[in-house]
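In: What follows is a protein structure lacking sequence information:
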């Protein structure tokens with residue numbers, strides 16, 4: 001995870017995530033500007049959830065160990081109420097969007113917990129990108 005080089009799998013992940021976001025965005029017809037604001041806010045909210053509920057797994061510390069330890073208070077999760085509240089403006093579609101958000105975050109964090117037992121900054125970034133791509137794809141489905 002500390003290796004800064006991007007390999008074949010990194011390039012493929014980039015292509016698939018950007019393709020998924022593009023597919024979702026291109027099929028959005030109504031509320032496009034609203035989704036362009038609210039979905040990245042959701043994706044950034046995943047960071048606070050993962051930091052709050054998961055431990056940092058780098059054994060030698062790393063630059064984020066203190067940040068993880070200092071931000072495990074319940075008040076940090078309060079900022080997530082902003083995109084949740086604004087999504088309710090969409091009505092039933094907003095409620096479903098909240099459910100999809102919770103589902104994506106739960107699945108990815110449980111996968112991280114099972115495979116590695118915690119999280120690092122790189123994994124937080126991947127969680128945010130996967131969440132954003134999934135929500136754009138869901139919003140584009142027009143459910």
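Out: Great, that's in hand. What you see is a predicted model; the values in this text were computed from it and never measured. Numbers count the residues shown, from 1 in each chain.
In: helices and strands of this protein: which one has the lowest mean pLDDT?
Out: For the chain, counting by mean pLDDT, DSSP states H and E, helix 65-70 ranks last in confidence among helices and strands (a mean of 56).
In: the helices in this protein, which residues?
Out: Shown for the chain, the helices assigned by DSSP state H span residues 8-26, 32-53, 65-70, 81-87, 92-115, 121-140.
In: now, of these, which is deepest in the fold?
Out: helix 121-140 (a mean of 20; mean count of other CB atoms under 10 Å). Where C-beta positions appear, they are placed from N, C-alpha and C, glycine not excepted.
In: ok, residues contacting that one?
Out: By CB atoms under 8 Å, 6 or more residues apart in numbering, the residues outside helix 121-140 that reach it are 1, 17, 20-21, 23-28, 35, 39-40, 42-44, 46-47, 50-51, 62-64, 96-97, 100-101, 104-105, 108-109, 112, 116, 119.
In: Please compute how far it lies from its chain's middle.
Out: On the basis of CA atoms, centre = their mean, to the nearest Å, the separation between the geometric centre of helix 121-140 and that of its chain is 4 Å.
In: And stretch 88-102, by the same measure?
Out: Going by CA atoms, centre = their mean, where stretch 88-102 is centred and where its chain is centred differ by 15 Å.
In: same question, stretch 99-115
Out: On the basis of CA atoms, centre = their mean, stretch 99-115 is displaced by 10 Å from the centre of the chain it belongs to.
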